[in-house]
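> Quick check, what structure comes out for this input:
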Amino acid sequence: MMSRHAKMTAIYTVILIVLGVLLNRLGSRLVAAFELPLYLDSIGTMVVAAVGGLAPGTLVGFVTNMIAGFQDSSSFYYGIINVLIALIAGMAYERRWFDKPYKILIIIPYFMILSIPCSFLSYILFNFDIADNASAPATLALKNMGLPIILSQIIGDYAVEIPDKLLSLIVAFIIIRLIPEKIKNIFIPVAGRDMSYDIPKTMKKWISLRSQVVLVLFMSGLGIALVAFAISYKTYMEARVSGFPGQYDIDELRTETLLYCSKMFSAILGLLICIVAWSMVLANRRVVKPLNSMAKEMGRFAYDSAEGRDNSVEKIKSLKINTGNEIEELYRAISKTVSDIDDYIDKTNEQARTISELNVNIVTALADIVEGRDETTGNHVKRTAEYCMILARTLRSQGKFTEMIDDEYINIIGIAAPLHDIGKINIPDAILNKPGRLTDEEFEIIKTHTISGKNMIDNIIKTMGSTEYLRMARNIAAYHHEWFDGSMKGYPDGLKGKSIPLSARIMAVADVFDALVSKRPYKDGFSVDKAFEIMLSESGTHFDPDVINAMVESRSEFEKIKAKY
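Numbering: from 1, shown residues only. Reported below is the predicted structural model:
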């Protein structure tokens, strides 16, 4: 069933065609009334082709000449010319040549090119003599000057066509500009101007489906017209010879037959172009537009977020393609498929979140077990993990290390940070929980926890494969005690500056801050002010200055985490 919108579009299109034909007839009547050496019979064709598209425009041109043919039979055969005028006007409108008055001058050369086959057609239609039309006086004068008839016809036609088409374009331009955009928008489906969409670069070498359909239809119709021409030529000659035996010179008969068949071919070709144009309207609405709409929305299908996917699914469902053929079945299948894919991705993401949370909990529990051997640290792993995430976020907001720090980096450092002291599992309890200051030998043993942690995570990577999370955890465990200035106070490798992984430089600040403000058996916790004072004094020596600056900017967040645990 045709929708109400489609019915209204069809009614408006019929009205537009009728008005276009009337406008053409009015122009030709004015020319006849004032005996002007012009035609002005294509103004309506131009207006309708521009506003309504190729199909209505070609039909206006063809019908105009069919009506005029009842007064002057030669007009039947000029239908192809008015149809081609519709093609040029439609092309010009799509290229926005009707936007400015001066741009219509660009269209004139196309009409002048069209004038040449029109002159040849006139030469044939009038039995290879001067055509009886508006250009006849100029053509006759040129012939009398000694020019060949066909050349005289071409130049004479130019003398009329240039002012005729220029005046017609000016009038058409004014009418088009006076038509409200709201009215023009009614004819978008008929004009086929909503068919365009962004074709991927890899597909631009392809011929579009619309072009293929046009080519097939036109070539098929042209083939039929040529076959009809050949059959007409043969049967007309045979009919003349058998009906009037001996009364015709064979050369004269061939000339007469060729003239007759050429007239028929011209009329049929004009009708053919109209049929192709209207076939394209049907193909656009039933095939090209639905496929393009589906391709466009599928190409834009967003996988990046649940909201993006839901919006894409809704856009695909909102197309509401009702072609009543296999295209509609394809659309229904695609709609169901994308909806199922969206549901599947949501379920998969939910499962992934559950697994990720489980992994985080396992890692945190493992770190807690290790830290639990150190009776002095309490919630150290939880606090330092949050400090690291705060520092990473602040660095990004300050425009630091933006090539490295993104949302994924921030999440990963929060998960990897609890493993920074995983190597302490190999440190004897007597040293790990010694209430007093460590001896130099004991401190050397404590320092081995960085190498132990690195080796433990390296073994995990060998067994389970490398991931960004494991690589970051390895770097943090190994290098969070390095000093930024590369001094021998840092360990285990004495790395310097940016050669220390960023995650380890961040962890160094988080770890030391927590150690300073936390109570130990051998000391009371410092105040936040005192901790900041100490760490600022070591900016550029112990710590990366950029990370210290981020700590200063996010002080209030540090205090909230300290109070939380």
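> Show me what counts as buried in the strand or helix carrying R474.
Using DSSP states H and E, R474 sits within helix 468-479. By 16 or more other Cβ atoms under 10 Å, the buried positions in helix 468-479 come out as Y469, L470, R471, M472, A473, R474, N475, I476, A477, A478, Y479. From N, CA and C alone the C-beta is placed, and that goes for glycine too.
> and those as CSV, adding distance to R25 and pLDDT?
Output for the buried residues of helix 468-479, formatted as CSV (distance: Cβ to Cβ, whole Å; pLDDT from 0 to 100):
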residue, distance to R25, pLDDT
Y469, 80, 86
L470, 83, 87
R471, 81, 92
M472, 81, 94
A473, 85, 92
R474, 87, 94
N475, 85, 96
I476, 87, 96
A477, 91, 95
A478, 91, 96
Y479, 90, 96
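> Save those as JSON lines, and put in distance to F126 too.
Output for these, formatted as JSON lines (distance: Cβ to Cβ, whole Å):
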{"residue": "Y469", "distance to F126": "88"}
{"residue": "L470", "distance to F126": "90"}
{"residue": "R471", "distance to F126": "88"}
{"residue": "M472", "distance to F126": "89"}
{"residue": "A473", "distance to F126": "93"}
{"residue": "R474", "distance to F126": "94"}
{"residue": "N475", "distance to F126": "92"}
{"residue": "I476", "distance to F126": "95"}
{"residue": "A477", "distance to F126": "98"}
{"residue": "A478", "distance to F126": "98"}
{"residue": "Y479", "distance to F126": "97"}
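> among those, which two are most distant?
Y469 and Y479 (16.4 Å; Cβ to Cβ).
> before we move on, the earlier item: let me know the closest of the buried residues of helix 468-479 to T384.
I476 (9.8 Å).
> Just the helices from the stretch 201-350 of the chain, written as ranges.
209-243, 250-283, 289-299, 306-318, 326-372 (DSSP state H, counting those that start in this stretch).
> avg pLDDT for stretch 271-291?
Averaged over stretch 271-291, pLDDT sits at 77.
> All further residue positions should be reported with the first residue as 193.
Yep, numbering from 193; the last one is stretch 463-483 now.
> Check which residues of it are buried.
463-473, 475-483.
> With stretch 507-520 instead?
Buried residues in stretch 507-520 (16+ other Cβ under 10 Å): K507, I508, L511, I513, T515, I519.
> can you give me the offset of the stretch of helix or strand R585 belongs to from its chain's centre?
Applying DSSP H and E as the criterion places R585 in helix 572-589. Relative to the centre of its chain, helix 572-589 is centred 40 Å away, using Cα atoms, centre = their mean, to the nearest Å.
> do the same with stretch 730-738
When distances are taken as Cα atoms, centre = their mean, stretch 730-738 is centred 48 Å away from the chain's centroid.
> I'd like the mean pLDDT over the helix holding R585, please.
On average, helix 572-589 scores 94.
> So which residues make contact with it?
Contacts to helix 572-589, defined as Cβ atoms under 8 Å, 6 or more residues apart in numbering, come from residues 556, 559-560, 563, 566, 593-594, 597-598, 601-603, 605-607, 609-610, 612-613, 695, 698-699, 701-703, 705-706, 710, 738-739, 742-743, 745-746, 749-750, 753-754, 757.
> again, only using 7 Å
556, 559-560, 563, 593-594, 597, 601-602, 605-606, 609-610, 612, 698-699, 701-703, 705-706, 738-739, 742-743, 745-746, 749-750, 753-754, 757 (Cβ atoms under 7 Å, 6 or more residues apart in numbering).
> coming back round to it: would you mind giving the helices of the stretch 393-542 of the chain as CSV with distance to M581 added?
Output for the helices of the stretch 393-542 of the chain, formatted as CSV (distance: least, Cβ to Cβ, whole Å):
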stretch, distance to M581
helix 401-435, 52
helix 442-475, 57
helix 481-491, 37
helix 498-510, 23
helix 518-564, 12
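> Just want to check the distance between L279 and K199.
28 Å (Cβ to Cβ, to the nearest Å).
> buried set for stretch 289-304?
W289, F290, I296, I299, Y302, F303.
> could you list every residue that touches the fifth one?
Think Y302. I280.
> before we move on, what about the first one?
Applying Cβ under 7 Å, 6+ apart, we find W289 in contact with K295, I296, I298, I299.
> re the thing from before, farthest-apart pair in the buried residues of stretch 289-304, please.
Checking the buried residues of stretch 289-304 with Cβ to Cβ, the most distant pair is F290 and F303, at 14.2 Å.
> picking that back up, so for I273, which of the helices of the stretch 393-542 of the chain sits nearest?
helix 442-475 (8.0 Å).
> how big is the angle separating the closest one from helix 481-491?
In terms of direction (axes from the mean of the first three to the mean of the last three Cα atoms, to 10 degrees), helix 442-475 departs from helix 481-491 by 50 degrees.
> gap between helix 442-475 and the chain center?
On Cα atoms, centre = their mean, the centre of helix 442-475 falls 41 Å from that of its chain.
> report the angle between the axes of that helix and helix 401-435?
Computed by the same axes, to 10 degrees, the angle between helix 442-475 and helix 401-435 is 150 degrees.
> following the helix or strand harbouring G282, which helix or strand shows up next?
Per DSSP H and E, G282 falls inside helix 271-286. Remark: after helix 271-286, the chain's next helix or strand is helix 300-317, criterion DSSP H and E.
> tell me which residues in whichever helix or strand comes after that next one are buried?
Sequence-wise, the next helix or strand downstream of helix 300-317 (DSSP H and E) is helix 328-336. The neighbour-count check on helix 328-336 (16+ other Cβ under 10 Å) flags A328, A330, T331, L334, K335 as buried.
> again with stretch 632-646
Neighbour count says stretch 632-646 has E634, I638, H641, T642, I643, S644, G645, K646 buried, by 16+ other Cβ under 10 Å.
> What mean pLDDT does stretch 599-610 get?
Computed over stretch 599-610, the mean pLDDT rounds to 92.
> hang on, I meant stretch 265-280
Stretch 265-280 shows a mean pLDDT of 80.
> Kindly format the C-alpha coordinates of that stretch as PDB.
C-alpha atoms of stretch 265-280 as PDB (Å, rounded to 0.1, in the frame of the first residue of the first chain):
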ATOM      1  CA  SER A 265       3.800  17.300 -37.100                       C
ATOM      2  CA  SER A 266       7.500  18.100 -37.100                       C
ATOM      3  CA  SER A 267       7.200  18.800 -33.400                       C
ATOM      4  CA  PHE A 268       6.700  15.100 -32.700                       C
ATOM      5  CA  TYR A 269      10.300  14.500 -33.800                       C
ATOM      6  CA  TYR A 270      11.800  17.300 -31.800                       C
ATOM      7  CA  GLY A 271      10.700  15.700 -28.500                       C
ATOM      8  CA  ILE A 272      14.200  14.200 -28.000                       C
ATOM      9  CA  ILE A 273      15.600  17.800 -28.000                       C
ATOM     10  CA  ASN A 274      13.300  19.000 -25.200                       C
ATOM     11  CA  VAL A 275      14.100  15.800 -23.300                       C
ATOM     12  CA  LEU A 276      17.800  16.500 -23.500                       C
ATOM     13  CA  ILE A 277      17.200  20.000 -22.300                       C
ATOM     14  CA  ALA A 278      15.600  18.500 -19.200                       C
ATOM     15  CA  LEU A 279      18.800  16.400 -18.700                       C
ATOM     16  CA  ILE A 280      21.000  19.600 -18.900                       C
END
